[in-house]
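[1] Generate coordinates for the sequence data below:
(2 chains)
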Amino acid sequence: RKEVEQDPGPFNVPEGATVAFNCTYSNSASQSFFWYRQDCRKEPKLLMSVYSSGNEDGRFTAQLNRASQYISLLIRDSKLSDSATYLCGASGGSYIPTFGRGTSLIVHP
Amino acid sequence: DVKVTQSSRYLVKRTGEKVFLECVQDMDHENMFWYRQDPGLGLRLIYFSYDVKMKEKGDIPEGYSVSREKKERFSLILESASTNQTSMYLCASSPPLMTGKGYTFGSGTRLTVV
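    This next block holds a predicted model:
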């Protein structure tokens, strides 16, 4: 399984801001892509799977760019409760994802 | 909701002890995984299992073994604990990976080896 890379941040944004994270993956054969959210000292929780056509869930939008081998997560109208670490995952031929080290988001008042 | 339960939230063990970490899932998932998570290193796969009595090495299996005698239970064993195995251990389960539905993680076991 090849590497998945993320900017560790932290991204420090005010409430209401729009923030975007990118995650690059090196295995062009990757089939499945994910974003997980992890709160401090808690387990990762699936935020969204990322589909080829892109997908949206409320304030969250995920995109896949196969040509440039990255996935992105856009958060609109940031809330204090969005503060967390966001992990991306990309799976290779075995379908087991490799995870990035996470991007830290801090939303301040 | 899928629930993945890890038996202990915090454990302190001595160097050289044999340590058992237990994980149980209640959604009849075929796949189960053990990861460790360390600051700056992210999630690293130790072992995984596609079915009962089946196991596969992940990226860092040295010093660990696993057991899957029942579909719902996947145990991680540290044969002789060492201080470099101090870490957060996370168990996860998933439906068939080709579905792209991702993992459900347990709440983790923070192991300290002294």
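[2] show me what contacts A:G9?
    A:G9 sits next to A:T103, A:S104, A:L105 when contact means Cβ atoms under 8 Å, 6 or more residues apart in numbering or on different chains. Using the backbone N, CA and C atoms, a C-beta is placed for each residue, glycine as well.
[3] Look up phi and psi at the closest residue to the last one other than its chain neighbours.
    Read it as A:L105. The shortest distance from A:L105 to any non-neighbouring residue, by Cβ to Cβ, 6 or more residues apart in numbering or on different chains, is to A:F11 (5.0 Å). With angles defined as degrees, to the nearest 10, A:F11 sits at phi -90, psi 120.
[4] And for A:F11, the neighbour number?
    19 (other Cβ atoms under 10 Å in any protein chain shown).
[5] hang on, B:R9 packs against B:G106?
    No. Counting by Cβ atoms under 8 Å, B:R9 sits too far from B:G106 to count as a contact (10.0 Å).
[6] which sections of the chain are below the confidence cut-off?
    No chain in the question, so chain A it is. A:1-2, A:93 (pLDDT under 70).
[7] Wait, chain B was what I had in mind.
    B:1-2.
[8] In contact with B:M32, which residues?
    With Cβ under 8 Å, 6+ apart, B:M32 has these contacts: B:C23, B:Q25, B:F48, B:S49, B:R68, B:F74, B:C91, B:A92, B:S93.
[9] So which of those sit within strands?
    Among the contacts of B:M32, the residues falling in strands (DSSP state E) are B:C23, B:Q25, B:F48, B:S49, B:R68, B:F74, B:C91, B:A92, B:S93.
[10] of the residues you listed, closest to chain A?
    Taking Cβ to the nearest Cβ as the measure, chain A lies nearest B:F48 of those, at 6.7 Å.
[11] That closest one contacts B:D59, correct?
    No. Assessed by Cβ under 8 Å, B:F48 is found out of contact with B:D59, at 10.4 Å.
[12] coming back round to it: who's more crowded, B:R9 and B:G106?
    Neighbours were counted for B:R9 and for B:G106 using other Cβ under 10 Å; B:G106 has more, 24 against 10.
[13] Who are the contact partners of that one?
    Counting by Cβ under 8 Å, 6+ apart, B:G106 has contacts A:E43, B:V4, B:T5, B:Q6, B:C23, B:L90, B:C91, B:A92.
[14] so the residue lying closest to A:G54 once chain neighbours are set aside is in which element?
    Leaving aside its chain neighbours, A:G54 sits nearest to A:Q63 (4.6 Å; criterion: Cβ to Cβ, 6+ apart). Using DSSP states H and E, A:Q63 maps to strand A:60-65.
[15] mind listing what the helix or strand following that strand pairs with, with the direction of each?
    As assigned by DSSP H and E, the chain's next helix or strand after strand A:60-65 is strand A:70-75. According to DSSP bridges, strand A:70-75 forms sheet pairs with strand A:19-25 (antiparallel), strand A:60-65 (antiparallel).
[16] which residues are contacting the last one?
    When contacts are taken as Cβ under 8 Å, 6+ apart, the neighbours of strand A:60-65 outside the stretch itself are A:33, A:35, A:47-52, A:54-56, A:71-76.
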